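Asks: sequence plus predicted model, see below.
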Amino acid sequence: MEDDGQEELRQLALENKKLTREIRKLKKDIEFLKLANDQAARTQAYIQRDNDRQLFYNSQLLKTAANLLIITDENIFTVMVSDLFFRYAPEYDRDKIRRGVPLREALMNVMPDDDRQDLLARCSLVLGGESMDPFLLRTTIAGENQDLQISIRRMMRDDTVCGLHILFIDMTEFIKAKERAEDADKAKGNFLANMSHEIRTPMNAISGMAEFILRDSQDEKAVKQATMIKSASNTLLSIINDILDFSKIESGKLELIGDSYKLSSLVNVVATMIRIRLKDKDVVLDLDVDGGIPDSLYGDEVRIKQVLINIMGNSVKFTKEGRITLSMRAEKEDERHARLFIKVSDTGIGIKEEDLGKIFSSFTQVDTRRNRAVEGTGLGLAISQRLVQMMGGNISVSSVYGEGTSFSFDILSEVEDWSPIGSISEKQAVARQEVFRASFTAPEARVLVVDDNEINLDVAEGILSPYKMNVFKAASGQEAVDSFRENEFDIIFMDHMMPVMDGVETLRKIRDMPRGKEAVIIALTANALSGAAAEYRELDFQDFLAKPIMPRDMDKLLVRNLPPRLIVQKPKQHVAPRFPIASKVEIDTRLGMKYCLGNKDFYTRILREFSESEDTCKLDALFLKEDWVGYSLMAHAMKRSTLTIGAVRLSDAARALEYAARDGWIEFIREHHKPFIKNCDETSKLIRQSGVQLG
């Protein structure tokens, strides 16, 4: 019994120990659960604080939002809105919106039914998966006219559409400002058009009458005075052109027009114009043009001239004595392009360092107190900078105040022929006023000129007189209508701005008459703003001619618009080539070395190859065969090879023969072929027998 009692006590002790361990474990679990519960409470409190903060920020965002925002669920029921909504729909409160109101009801009293239905249709499309860019809606919001930009976006949750985000941005003031700016720009355009008309109309008379004197007068004094009148009118015209060009550049409408041109001709024209302006000054114009520059280029010759004349004209204005130097060189970019580097330096008054930064600013002349007597718009350099940039280059200026200024710029130009320009001094043309000659006659053509200005009628008639046309004149729109009713005309020149019935109204009346729809009507106007030609064509004019009327422009326009059957081509009149056939052997070794990059051995080899060449035999054979196409090509090749060795006169002679063969002037070739061959042979003989001493 005693043993059984002890065993029972032992068992109880074991159970007690076990229970004690369990109690300790439970106490630990209770402590852990308590800690976990505390952590959960802290986490929940943090989440609640974060939610409260997020709700506060969302609430503040909706309250302070400057634009109307509506968020809907996938059924297009409201979820939340910005406070601006309650200003438009005071019958709603935030709780009602949060509980959900169909968007069609929420906007019932906010916007017109048609606009509301359009918006709801767009919302359905976006919910269906269609992407939609922001769109502009001119509508009435709570009785206020507004221009709204509306953006509708889907909201996604786990790749599922859960609603829409609709943002209304009020663009009313922005659009009003845009309309005001457009009105101001239109007003500026109208002002420039009127100014162009008012200046160009009398300019047309001045320039036209000067042209007639140059064309018809044999009095040397009268021709000289007419030249000065035309030069002055061109200067005045350049001022208005600067203003118009700047307007085109500002509006992005100015375009470059590419064409083939000779760099030597461009330099000659610019140099001649500048020398005329320097005739009363103690200033010398120097030309430092690298003879290796290619002469045949493709680009906008007119705009390149404009840049050069603007910059060099600036030098003329501010240089009282000393020199103006035009320097040019070129670097080959690739097989078809070269970059021209041009520099204009002068010994003028210079520019202060603090003024250099604004030298290319619009309507700006620096140091105005010192330069008060200098004429100009202050636009020339600003326009030049824009043009240079359009031609793929940059322009810069450096100056020492009181000593002189240098402008440097570069342009990228397409090269048509890599033949070098050679010595520019050999190609300087004698300065003279060129008189235009009509390229054809049209004695059977009937032309009506309509203009309310009697002088302009006389000018137009005078410019048309070399074409031997039958010219009729009308001094008003009604006269033009009456004349068209009674006569047939091959072409009608119609002035735009006429009193009582302007050119556009007159055109419409003529178009409504029998034969009117087929009539060729040309706008004759002093409005030379960018885009004017396109605008007149939209008004149903066939073409456009700006005042003052330039004879060359008139010639081209007539060719474009007159029926070919009426045009009688004039017999081709050959003009003697600029450069005479060489009369003696002459090699400029310094020039030849320059073309050979200063490499004496290379130049010696080129001379030897020239002396052993059979080019003269080939040219002579083509002459005997009377193969003038081949002759022109061979003369072209010899023009290059003779210039490369420095035989400038021979090169000029080859050029003359090339052009004569190209133009079919066989008499000239027959007269000068043998002397040219003889001079080439004598040059080759000189090289072979005595060599050429290289400098």
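Replies: Looks like it came in fine.

Asks: state the next helix or strand along the chain beyond the lowest-mean-pLDDT helix or strand in the chain.
Replies: One helix or strand of the chain scores below all others by mean pLDDT, DSSP states H and E: helix 220-251, with a mean of 63. Scanning forward in sequence from helix 220-251 by DSSP states H and E, the next helix or strand is strand 259-262.

Asks: buried sites along that following strand?
Replies: Y261, K262 (16 or more other Cβ atoms under 10 Å). Where you see a C-beta, it was placed from the backbone N, CA and C, and this is true even at glycine.

Asks: other residues contacting that strand?
Replies: D295, S296, L297, Y298, G299, D300, E301, E416 (Cβ atoms under 8 Å, 6 or more residues apart in numbering).

Asks: please apply the same query to stretch 280-292.
Replies: Contacts of stretch 280-292 (Cβ under 8 Å, 6+ apart): 267, 271, 274-275, 278, 316, 319-330, 420-425, 428, 591, 594-595.

Asks: ramachandran coordinates for G291?
Replies: phi -70, psi -10 (degrees, to the nearest 10).

Asks: returning to what we had before: mind putting the contacts of strand 259-262 into TSV with pLDDT?
Replies: Listed next are these as TSV, based on pLDDT from 0 to 100:
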residue	pLDDT
D295	89
S296	89
L297	91
Y298	90
G299	88
D300	83
E301	83
E416	88
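
Asks: spell out the residue ranges of the helices in the stretch 401-550 of the chain.
Replies: 454-464, 477-486, 503-511, 532-538 (DSSP state H, counting those that start in this stretch).

Asks: average pLDDT across the first one?
Replies: Put plainly, it is helix 454-464. Average pLDDT, helix 454-464: 80.

Asks: enumerate the positions of that helix that are buried.
Replies: N456, L457, D458, V459, A460, E461, G462, I463, L464.

Asks: assess the claim that the fifth one and V449 are in contact.
Replies: Yes. Between A460 and V449 there is a contact at 4.5 Å, judged by Cβ atoms under 8 Å.

Asks: mutual contacts of the two, please.
Replies: V471, F493, L524.

Asks: could you dump these into CSV with pLDDT and distance to A40 added?
Replies: Shown next, in CSV, are those (pLDDT from 0 to 100; distance: Cβ to Cβ, whole Å):
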residue, pLDDT, distance to A40
V471, 92, 105
F493, 93, 95
L524, 83, 92
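
Asks: I'd like those residues as JSON lines, with distance to S611 appended.
Replies: Converted to JSON lines, these look like this (distance: Cβ to Cβ, whole Å):
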{"residue": "V471", "distance to S611": "62"}
{"residue": "F493", "distance to S611": "61"}
{"residue": "L524", "distance to S611": "61"}
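
Asks: of those, buried ones?
Replies: For those, buried by 16+ other Cβ under 10 Å: V471, F493, L524.

Asks: next, find the distance separating the second one from D259.
Replies: Okay, so that is F493. F493 sits 26 Å away from D259, taking Cβ to Cβ, to the nearest Å as the criterion.

Asks: one more: I522?
Replies: 23 Å.

Asks: quick check: mean pLDDT across the one helix or strand K28 maps to?
Replies: Using DSSP H and E, the secondary-structure element containing K28 is helix 2-64. For helix 2-64, mean pLDDT rounds to 71.

Asks: show the subsequent helix or strand relative to that helix.
Replies: strand 68-73.

Asks: what does that next one contact?
Replies: 62, 78-82, 84-85, 88, 100, 103, 106, 123, 155, 162-168, 170.

Asks: for that strand, buried residues please.
Replies: Judged by neighbour count using 16+ other Cβ under 10 Å, the buried positions of strand 68-73 are L68, L69, I70, I71, T72.

Asks: measure the second one to E130 for me?
Replies: Which is L69. 21 Å.

Asks: ok, back up a step: make a markdown table out of the helices of the stretch 401-550 of the chain and add distance to P563.
Replies: A markdown table is the format used below for the helices of the stretch 401-550 of the chain (distance: least, Cβ to Cβ, whole Å):
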| stretch | distance to P563 |
| --- | --- |
| helix 454-464 | 16 |
| helix 477-486 | 18 |
| helix 503-511 | 19 |
| helix 532-538 | 20 |
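
Asks: what's the burial count for the spatially closest residue to I293 that is not a sequence neighbour?
Replies: Excluding the flanking residues, the one nearest I293 by Cβ to Cβ, 6 or more residues apart in numbering is A330, at 4.4 Å. Neighbours of A330 under the rule other Cβ atoms under 10 Å: 22.

Asks: now S613
Replies: Neighbours of S613 (other Cβ under 10 Å): 15.

Asks: contacting residues around it?
Replies: S641, S684.

Asks: ok, the residue lying closest to V504 once chain neighbours are set aside to V459 distance?
Replies: Leaving out its chain neighbours, the residue that sits closest to V504 by Cβ to Cβ, 6+ apart is L539, at 5.6 Å. As judged by Cβ to Cβ, L539 and V459 stand 24 Å apart.

Asks: what subset of the contacts of strand 68-73 is buried?
Replies: Buried among the contacts of strand 68-73 (16+ other Cβ under 10 Å): 62, 78-79, 81-82, 84-85, 88, 103, 106, 123, 163-164, 166-168, 170.

Asks: isn't Y467 up against E444?
Replies: No. Look at Y467 against E444 with Cβ under 8 Å: they stay out of range, at 10.9 Å.

Asks: which of these two has more neighbours?
Replies: Y467 (22 against 14).

Asks: do you know how far that one is from F440?
Replies: 7 Å.

Asks: go on, N109?
Replies: For N109, the distance to F440 - Cβ to Cβ - is 76 Å.

Asks: likewise for S396?
Replies: 47 Å.

Asks: circling back to that earlier point, between Y467 and F440, which contacts overlap?
Replies: L558.

Asks: could you check the angle strand 68-73 makes with the host helix or strand of L167?
Replies: Applying DSSP H and E as the criterion places L167 in strand 160-170. Counting by axes from the mean of the first three to the mean of the last three Cα atoms, to 10 degrees, strand 160-170 points 170 degrees away from the direction of strand 68-73.

Asks: so what strands line up beside strand 160-170?
Replies: strand 68-73 (antiparallel), strand 144-157 (antiparallel) (DSSP bridges).

Asks: in a markdown table, list these along with mean pLDDT.
Replies: A markdown table is the format used below for the strands paired with strand 160-170 (pLDDT from 0 to 100):
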| stretch | mean pLDDT |
| --- | --- |
| strand 68-73 | 89 |
| strand 144-157 | 88 |
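
Asks: just give the nearest non-adjacent residue to L263, would you?
Replies: D295 (5.2 Å).

Asks: Three-state assignment for the one you found, please.
Replies: strand (DSSP: H, G, I helix; E, B strand; the rest coil).

Asks: report how many residues lie close to it.
Replies: 23.
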